[in-house]
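**Q** Need a 3D model of the sequence below.
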Amino acid sequence: MIKLKGMTWSHDRGVKPLIAATTEFAKQHDGVEISWDARSLADFELFPLDQLASKYDFIMIDHPHIGVAYEQELLLPLDELLPQEFIEDQKQNSVGRSFESYNWEGHQWALPADAAAQVSAYRKDLMDKYGQAIPQTWSDVFALADSLEKQDQPAPVIGIPFVPVHAYSSFFTLCSQLSDKTVWSDGSDLDLEVGEQALKLLNRVLSKAHKISFDSDPIKLLDKMGSTDEIAYTPLVYGYSNYARDGYLDNVVIFDEMPSDTGAPNGSMIGGVGLSISSKCKHPETAAKLFR
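**A** Prediction:
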């Protein structure tokens, strides 16, 4: 019996698809057993990869970690384990540039299993209750926040996930949106004036935001939106479709385009997760079969 073990993150979006895939895999591959552990989103984004690679065969990984994984030789190049036609099919049929985000120094270190972009989120029932429109521009966001502040209390406010990783993501997104170019992707420095504008905008959002924002990742903030009436709107958050489904939490959270003053919701830093194989895996050829 070959036993393989993987690490994902503790959310339905991170666990259930893998359990379903593993169940089907077991039906087709006698003598192979795959199990999964899950850690919090915070650990998922920050936990040292070298420790995970020494313990797990599969790692669900964020694309910003690929550089570290490459330097420390923690992952196996999937293009050397999977047929070229399969890799090419993945490239052609992945969402946006998610496939490319796991490619570094000529090799594919993970395949996208999940794709995301920053969007806005709101509670339609609360917006309707207080006669508010969905913001389209950043001026609209602050008009909404000011209007909610003037309501008889207690009234909901706006929020934004602002733990360090997501503070950076929102800063990156705004810099790209304000400058109307893919910031840093071409190796050029960030324009100082653009960076200052982005920071001022984020500081203004935070001055109006629910206090939980400073300690929230997207899951924590969306849980708060779906289970209480304290937050009516967030301008920037990575979307999780389950919150928009009836019955997932007490209240439905609806996702929409993020605000923009450019006329289009542009600039989002790509999100999502890729499935990779640890360089410490003792059965890489067997592990690679899970991808197909």
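**Q** ok, then the element right after the worst-scoring helix or strand of the chain on mean pLDDT?
**A** Least confident helix or strand, the chain: helix 41-46 with a mean of 64, by mean pLDDT, DSSP states H and E. Once the chain leaves helix 41-46, the next helix or strand it forms, by DSSP states H and E, is helix 49-55.
**Q** Looking at that next one now, give me its mean pLDDT.
**A** The average pLDDT within helix 49-55 is 88.
**Q** Now do that helix: which elements does it pack against?
**A** When contacts are defined as 3 or more C-beta pairs under 8 Å, 6 or more residues apart in numbering; DSSP states H and E, helix 49-55 packs onto strand 2-9, strand 58-61, helix 66-71. Backbone N, C-alpha and C define where each C-beta goes, glycine included.
**Q** And this protein, split by domain according to the record?
**A** As assigned by automatic domain parsing, the chain contains the domains 2-115+272-291, 118-269.
**Q** Which residues belonging to the strand or helix carrying K200 are considered buried?
**A** In this structure, K200 is located in helix 192-208 according to DSSP H and E. For helix 192-208, burial by neighbour count (16 or more other C-beta atoms under 10 Å) applies to 194-195, 198, 201-202, 205-206, 208.
**Q** out of those, which one sits closest to S227?
**A** K208 (21.3 Å; C-beta to C-beta).
**Q** Can you get me a residue count around Q177?
**A** By the criterion of other C-beta atoms under 10 Å, Q177 has 25 neighbours.
**Q** Ok, S241 next?
**A** S241: 11 neighbours (other C-beta under 10 Å).
**Q** Could you do A20 as well?
**A** Per other C-beta under 10 Å, the neighbour tally for A20 reads 10.
**Q** same check, this time on E85
**A** For E85, using other C-beta under 10 Å, the count is 8.
**Q** about what we covered before: out of the buried residues of helix 192-208, which comes closest to D229?
**A** Minimum distance to D229 across those is 17.1 Å, recorded for K208 (C-beta to C-beta).
**Q** T137 and S260 touch, don't they?
**A** Yes: T137 is within contact range of S260, at 6.8 Å (criterion: C-beta atoms under 8 Å).
**Q** Quick one: the buried residues of helix 192-208 as a markdown table, columns for pLDDT and distance to T23 too.
**A** Converted to a markdown table, those look like this (pLDDT from 0 to 100; distance: C-beta to C-beta, whole Å):
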| residue | pLDDT | distance to T23 |
| --- | --- | --- |
| V194 | 94 | 48 |
| G195 | 94 | 47 |
| A198 | 97 | 44 |
| L201 | 97 | 46 |
| L202 | 98 | 43 |
| V205 | 98 | 43 |
| L206 | 97 | 43 |
| K208 | 97 | 46 |
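**Q** quick one: which of these is nearest D215?
**A** Relative to D215, and with distances defined as C-beta to C-beta, the nearest of those is L206, at 12.3 Å.
**Q** Check the gap between the closest one and S188 for me.
**A** 28 Å (C-beta to C-beta, to the nearest Å).
**Q** Where among the domains of the chain is average confidence lowest?
**A** Among the domains of the chain, domain 2-115+272-291 scores lowest, with a mean of 90.
**Q** and that one, how far apart are its ends?
**A** 17 Å (C-alpha to C-alpha, to the nearest Å).
**Q** can you give me the strands in the stretch 151-292 of the chain?
**A** 157-158, 231-238, 254-256, 271-277 (DSSP state E, counting those that start in this stretch).
**Q** How many residues are close by S176?
**A** The number of residues packed near S176 is 21, by other C-beta under 10 Å.
**Q** Just give the nearest non-adjacent residue to it, would you?
**A** G267 (3.8 Å; C-beta to C-beta, 6 or more residues apart in numbering).
**Q** hmm, back to that, against which helices or strands is the helix holding K200 packed?
**A** The helices and strands touching helix 192-208, judged by 3+ C-beta pairs under 8 Å, 6+ apart, are helix 138-149, strand 157-158, helix 164-179.
**Q** quick revisit: point out the most buried one among the strands of the stretch 151-292 of the chain.
**A** Mean neighbour count (mean count of other C-beta atoms under 10 Å) peaks for strand 231-238 among those, with a mean of 26.
**Q** between it and helix 138-149, how big is the angle?
**A** Strand 231-238 and helix 138-149 are oriented at 150 degrees to each other (axes from the mean of the first three to the mean of the last three C-alpha atoms, to 10 degrees).
**Q** Using PDB, write out every CA atom in strand 231-238.
**A** Extracted in PDB, the C-alpha atoms of strand 231-238 (Å, rounded to 0.1, in the frame of the first residue of the first chain):
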ATOM      1  CA  ILE A 231     -20.900  44.900   7.700                       C
ATOM      2  CA  ALA A 232     -22.900  45.800   4.700                       C
ATOM      3  CA  TYR A 233     -20.100  46.200   2.100                       C
ATOM      4  CA  THR A 234     -16.400  45.500   1.400                       C
ATOM      5  CA  PRO A 235     -14.700  47.000  -1.700                       C
ATOM      6  CA  LEU A 236     -11.800  44.500  -2.000                       C
ATOM      7  CA  VAL A 237     -12.000  40.900  -1.100                       C
ATOM      8  CA  TYR A 238     -11.100  37.600  -2.800                       C
END
